[in-house]
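1. 3D, please:
(chains A and B)
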Protein chains: 2
Amino acid sequence: MLDVIDCIKQRRSIRSFLPAAVPRTLIEKVLQAAVYAPSAGNWQPWHFVVVENSGQRRALAKAAADQDFIAEAPVVIVVCAEPARGEQTYGDRARELYCLQDTAAAIQNLLLAAHASELGTCWVGDFDEGAIAKLLQIGEPYRPVAVIPLGYPGETPNARWRRPLSEVVEYRE
Amino acid sequence: MLDVIDCIKQRRSIRSFLPAAVPRTLIEKVLQAAVYAPSAGNWQPWHFVVVENSGQRRALAKAAADQDFIAEAPVVIVVCAEPARGEQTYGDRARELYCLQDTAAAIQNLLLAAHASELGTCWVGDFDEGAIAKLLQIGEPYRPVAVIPLGYPGETPNARWRRPLSEVVEYRE
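-> Just a heads-up that it's a prediction; the model follows:
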């Protein structure tokens, strides 16, 4: 049991992992939280490739700008969007906007559910989409949009700086 | 106090609102949760226009495919991305991917924090970006990416169907 506001504020990006395995029940718990995200027209344009294979994890790290910490995690989740899903309802806006927003909302749920389970994650966006698709044989209709290492944290980072609300919010009364 | 997993699973899209005002303290609470989202390189490419003015809320609803329920909410938050923020670090990927993902993660935090405060929200994506930018005088460097009515719920919808994990998850052992 972890209060949602506390969870949102305490979550950190984790870049060091312990070798301990993550039980499948916990992997499914965080994925179940992910798919409770809202999506445009409830199209749910997401697909998750859960990589436990150590050779593939090392190759993923290499395809993600050599960020070696990714392979340290016992599980790496490659989150994919399905850009054509919802296209018949929403056209280009489904491809270019909604599928990216919907998968991002799912990822945020996943990060929060992981933190609530004492697991660490890091949202990695800097990777070669083509290389990862080839490596994991992810073909049409999917597009890899994020790489999320998942494991028990090997570090406890401080909170990062946030821009104050006075800088990012304006009111229209 | 609301458990994060329960919050994720209990949140609904709300399309009917009571007229009761939302105190500024609660508006700031949900925005504070929003800005705790992670962002690529911690660039935080977001901007929030909080519309309380009733004429502007009606005009927003009109610019959002005439979804009248939007104007029922006493507060409508127009979430904007700042596509150029992070561009010097990440180039086109900041404009086309990261700023959309980062704002979506912030929105998901906002929806969860609102639900924890017994407030309802609906993530609206179907709107005329140019019309809303003009209406609210949102100019460069911002792009409106979501319209979020916020208020006390006037309905208690059932959970929407979710695709089962067996359909959206694959493992690489």
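
2. And chain B, is stretch A:14-31 touching that?
-> Yes - in terms of CB under 8 Å from any CB of the partner chain, part of stretch A:14-31 sits within range of chain B, namely A:28-29, A:31. In this view, the C-beta of every residue, glycine as well, is placed from N, C-alpha and C.

3. Any quick ChimeraX command for the buried ones out of those?
-> If you want just the buried ones from the residues of stretch A:14-31 next to chain B in ChimeraX, going by 16 or more other CB atoms under 10 Å in any protein chain shown, the selection is:
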select /A:29,31
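
4. outside of stretch A:107-119, which residues touch it?
-> Outside of stretch A:107-119, the residues within contact range by CB atoms under 8 Å, 6 or more residues apart in numbering or on different chains are A:2, A:4, A:7-8, A:10-11, A:22, A:26, A:29-34, A:36-37, A:77, A:79, A:120-121, A:123, A:146, A:148, A:150-153, B:3-5, B:8, B:37-38, B:101, B:104-105, B:108-109, B:112.

5. Return the set of buried residues in that stretch.
-> Along stretch A:107-119, the positions that meet the burial threshold by neighbour count (16+ other CB under 10 Å) are A:107-117, A:119.

6. Can you lay out those residues as a markdown table showing secondary structure and pLDDT?
-> As requested, these are arranged in a markdown table below (DSSP: H, G, I helix; E, B strand; the rest coil; pLDDT from 0 to 100):
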| residue | secondary structure | pLDDT |
| --- | --- | --- |
| A:Ile107 | helix | 99 |
| A:Gln108 | helix | 99 |
| A:Asn109 | helix | 98 |
| A:Leu110 | helix | 99 |
| A:Leu111 | helix | 98 |
| A:Leu112 | helix | 98 |
| A:Ala113 | helix | 98 |
| A:Ala114 | helix | 98 |
| A:His115 | helix | 98 |
| A:Ala116 | helix | 98 |
| A:Ser117 | coil | 98 |
| A:Leu119 | coil | 98 |
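
7. average pLDDT for the helix or strand harbouring A:Ile132?
-> Under the assignment given by DSSP states H and E, the secondary-structure element containing A:Ile132 is helix A:129-135. Average pLDDT, helix A:129-135: 98.

8. Next: stretch A:10-27.
-> Mean pLDDT, taken over the full extent of stretch A:10-27, equals 98.

9. just to revisit the earlier point, following the helix holding A:Ile132, which helix or strand shows up next?
-> Sequence-wise, the next helix or strand downstream of helix A:129-135 (DSSP H and E) is strand A:143-151.

10. Residue ranges in chain A under the pLDDT threshold?
-> Low-confidence segments of chain A, defined by pLDDT under 70: none present.

11. Where does the residue in it positioned nearest to chain B fall, secondary structure wise?
-> Residue nearest to chain B within chain A (CB to the nearest CB): A:Ala104, separated by 3.5 Å. When secondary structure is defined by DSSP H and E, A:Ala104 falls within helix A:99-116.

12. so how far is that helix off the chain centroid?
-> Distance of helix A:99-116 from the chain centroid (CA atoms, centre = their mean, to the nearest Å) equals 6 Å.

13. Alpha carbons of it, as PDB, please.
-> Once non-C-alpha atoms are left out, helix A:99-116 reads as follows in PDB (Å, rounded to 0.1, in the frame of the first residue of the first chain):
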ATOM      1  CA  CYS A  99      -0.500   6.300 -30.000                       C
ATOM      2  CA  LEU A 100       2.500   8.100 -28.500                       C
ATOM      3  CA  GLN A 101       0.400   9.700 -25.800                       C
ATOM      4  CA  ASP A 102      -1.400   6.500 -25.000                       C
ATOM      5  CA  THR A 103       1.700   4.400 -24.700                       C
ATOM      6  CA  ALA A 104       3.400   7.200 -22.600                       C
ATOM      7  CA  ALA A 105       0.400   7.100 -20.200                       C
ATOM      8  CA  ALA A 106       0.800   3.300 -19.900                       C
ATOM      9  CA  ILE A 107       4.500   3.700 -19.300                       C
ATOM     10  CA  GLN A 108       3.900   6.200 -16.500                       C
ATOM     11  CA  ASN A 109       1.500   3.800 -14.800                       C
ATOM     12  CA  LEU A 110       4.100   1.100 -15.200                       C
ATOM     13  CA  LEU A 111       6.800   3.200 -13.500                       C
ATOM     14  CA  LEU A 112       4.500   4.000 -10.600                       C
ATOM     15  CA  ALA A 113       3.400   0.400 -10.100                       C
ATOM     16  CA  ALA A 114       7.000  -0.700 -10.200                       C
ATOM     17  CA  HIS A 115       8.000   1.800  -7.600                       C
ATOM     18  CA  ALA A 116       5.000   0.700  -5.400                       C
END
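
14. returning to that earlier point: output the residues of stretch A:14-31 next to chain B as CSV; include the columns secondary structure.
-> Written out in CSV, the entries for those read as follows (DSSP: H, G, I helix; E, B strand; the rest coil):
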residue, secondary structure
A:Glu28, helix
A:Lys29, helix
A:Leu31, helix
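
15. helix, strand or coil for A:Tyr171?
-> Each residue gets one of three states, and A:Tyr171 gets strand by three-state DSSP.

16. that older thread, if I take the helix holding A:Ala104 and helix B:99-116, what angle do their directions form?
-> For the pair helix A:99-116 and helix B:99-116, the angle between their directions (axes from the mean of the first three to the mean of the last three CA atoms, to 10 degrees) equals 50 degrees.

17. Would you mind getting the angle between helix A:99-116 and strand B:143-151?
-> Helix A:99-116 and strand B:143-151 are oriented at 60 degrees to each other (the same axes, to 10 degrees).
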